[in-house]
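**Student:** okay, here's the prediction I keep looking at, along with the sequence it came from:
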Amino acid sequence: MSLDNKFDVVVIGGGPGGYVAAIRCAQLGLKTACVDEFTDKNNKASLGGTCLNVGCIPSKALLESSHHYEQLNHGLDEHGIKVTGLKIDVPTMIKNKDDIVSRLTGGISGLFKANKVTSFHGRGKLLAGKQVEITSNTDDVSVISADSIILATGSRPIDIPSAPVDNINIVDSTGALNFDKTPKKLGVIGAGVIGLELGSVWNRLGSDVVLLEAQDEFLPAVDTKIAAEAKRQFKKQGLDIKMGARVTKATTKAKKVTVNYEDASGEHTIELDKLIVSVGRRPNTDNLFAPESPIELDERGFIEVDEIWQTSQPCVYAIGDLIRGPMLAHKASEEGVAVAEVIYGEEPEINYDVIPNVIYTGPEIAWVGQTEQHLKSAGIKVKIGTFPFAASGRAQALGDTTGMVKIISDEETDQILGVHIIGAQASELIAEAVLALEYSASTEDLALTIHAHPTLSEALHEAALAVDKRALHIP
Ligand code: FAD
């Protein structure tokens, strides 16, 4: 093998786990290559993985566009702003989303160049002896090798046999980012984070949206008080969320989708223009390693790793959506940095208890730490403070007073154990709570911290005061 084909580290997968790992390895002076197979709509290589190409970024671009539209349509009356002749140009909105994606994915190519990461476009497969076979999209095969290998191939949508995706009428999350016009009637199978976000985009633009969720509990990972408020708000917006609804069959004919589902009240049939299947994601392990170079998977199909993210093969690591833990871009990136540092000989740690979660609907939902129901079922005695945005001067000025901040602290030690926010800018406000939990802050620490007035962040301060029943702006 020539020197050009031999690396210190080869990363397979160029998403937020893989590309960040590759950059950090290169920063540490390791000769690094990254192999990624993603090809965009124009058949060009595009780094950034699911997150940048078909996940976090494009969905947030569409949420932002649809939020502007909705505001102009309904949301600015009390500001005295009246708009007539409002129209949505869906192809322009989609192009804006595509332009944002290509600026960001192009930025990663630039970062690779600046950091001297060698980029290979093709499908990577782990062979024995820490070699990686790369198959290009013209089926050319080459082999590179490394002392350490990082698997970061992410995840893909789960298919369900009752609703086969054709990406025309029945689409997955990627298809739902590329409709050429607003569907009149849109169905979403799965009322989880992605289903709610994508359903919200098209609902804001005028679709009648029905979400069919097989589980009985709405957003089970979310604090129950916040989930109940979210459900109430979504219903008000016209999202028709059917719980305990199990899809038995979805067929398409003449550009219409017929969906059969059953729930507690019996069997039902609905007719839709488009159906999004959004029932979760599974790790991309198919054909990732040769039979002579096996890697152990856990019972759910994720790659098994130890506390330094090492797989069943020495010096072969795995990160991101491929392994246990929340399927989130920032979790993948943290693991990418950590593994690079492990390879370099350091002993990094990740605090998995303090990973923020966000649902970018309107209102946004964000939380960090434990929920009240979880803490109570674990027998931990807690004290709770809540503060409604309706009592916030800034929220009033914004014209968006939906939601609240809820802080849960240990009854004895006062340590903050969970912070839950539903409301405008929750995705930004949660950062303060993340820092508080990372530093094991007490409610008193947060109560003693001066917050600028008037800001939405004052609701965090007031919720901290409310934990000890001394909030100033609620009766
Ligand atoms: P990925 O981003 O999936 O990247 C893996 C890369 O590896 C891909 O480019 C893939 O093509 C490539 N690959 C796969 N197999 C091979 C192979 N054999 N050889 C070479 N390359 C290969 N998370 C958030 O934190 N915030 C959000 O707002 C958010 N929104 C989302 C919205 C949607 C619609 C979706 C679908 C996901 C969203 N996520 C969000 C989840 C987030 O995208 C993932 O958690 C994150 O991308 C995982 O990063 P990763 O690096 O593990 O894998």
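**Tutor:** Arrived safely.
**Student:** partners of whichever helix or strand residue 405 is part of in the sheet?
**Tutor:** Under the criterion of DSSP states H and E, residue 405 resides in strand 404-410. According to DSSP bridges, strand 404-410 forms sheet pairs with strand 382-388 (antiparallel), strand 416-423 (antiparallel).
**Student:** dump the residue contacts of residue 178.
**Tutor:** residue 94 (C-beta atoms under 8 Å, 6 or more residues apart in numbering). (Glycine included, C-beta is placed from N, CA and C.)
**Student:** report the distance from stretch 37-46 to the chain centre.
**Tutor:** 21 Å (C-alpha atoms, centre = their mean, to the nearest Å).
**Student:** would you mark the buried spots in that stretch?
**Tutor:** 37, 38, 45, 46 (16 or more other C-beta atoms under 10 Å).
**Student:** assign the nearest residue to residue 465 once chain neighbours are set aside to helix, strand or coil.
**Tutor:** Using C-beta to C-beta, 6 or more residues apart in numbering and skipping residues adjacent in sequence, the residue nearest residue 465 is residue 471, 4.5 Å away. Assigned by DSSP: H, G, I helix; E, B strand; the rest coil, the conformation of residue 471 is coil.
**Student:** hang on, residue 471 packs against residue 385?
**Tutor:** Yes: Residue 471 lies in contact with residue 385 (C-beta atoms under 8 Å); the separation is 6.9 Å.
**Student:** who touches both of these two?
**Tutor:** 463, 465.
**Student:** between the two, which is the more surrounded one?
**Tutor:** residue 385 (24 against 20; other C-beta atoms under 10 Å).
**Student:** residue contacts, that one?
**Tutor:** 406, 407, 409, 443, 463, 464, 465, 466, 467, 468, 469, 471.
**Student:** would you mind listing which of the residues you listed are buried?
**Tutor:** Judged by 16+ other C-beta under 10 Å, buried ones among the contacts of residue 385: 406, 407, 409, 443, 463, 464, 465, 466, 467, 471.
**Student:** what's across from the nearest residue to residue 290 once chain neighbours are set aside in the sheet?
**Tutor:** Among residues not flanking residue 290 along the chain, residue 127 sits closest, at 5.0 Å (C-beta to C-beta, 6+ apart). Each beta-bridge partner of residue 127 is listed here, defined by DSSP bridges: residue 131.
**Student:** I'd say residue 127 and residue 293 touch.
**Tutor:** Yes: counting by C-beta under 8 Å, residue 127 does reach residue 293; the two are 5.6 Å apart.
**Student:** show me what contacts whichever residue of the stretch 151-300 of the chain sits closest to the ligand?
**Tutor:** For the stretch 151-300 of the chain, the residue closest to the ligand is residue 154, as judged by C-beta to the nearest ligand atom, at 2.0 Å. Counting by C-beta under 8 Å, 6+ apart, residue 154 touches 13, 15, 17, 18, 49, 50, 283, 284, 320, 321, 322, 332.
**Student:** ok, and which of those reach the ligand?
**Tutor:** 13, 15, 17, 18, 49, 50, 284, 320, 321, 332 (C-beta under 6 Å from any ligand atom).
**Student:** quick one: residue 42 from the ligand, how far?
**Tutor:** 16 Å (C-beta to the nearest ligand atom, to the nearest Å).
**Student:** okay, strands next: where are they in the stretch 1-150 of the chain?
**Tutor:** Counting by DSSP state E, counting those that start in this stretch, one finds strands in the stretch 1-150 of the chain at the ranges 6-12, 32-36, 118-121, 123-127, 131-135, 141-151.
**Student:** what's the shortest one packed up against?
**Tutor:** Other elements packing on strand 118-121 under the criterion 3 or more C-beta pairs under 8 Å, 6 or more residues apart in numbering; DSSP states H and E are strand 32-36, helix 90-115.
**Student:** quick one: closest of the ones you listed to residue 328.
**Tutor:** helix 90-115 (17.4 Å; C-beta to C-beta).
**Student:** what confidence value was assigned to the residue of the stretch 351-475 of the chain at minimum distance from the ligand?
**Tutor:** As assessed by C-beta to the nearest ligand atom, the ligand sits closest to residue 360 within the stretch 351-475 of the chain, at 5.9 Å. Note for residue 360: predicted pLDDT of 98.
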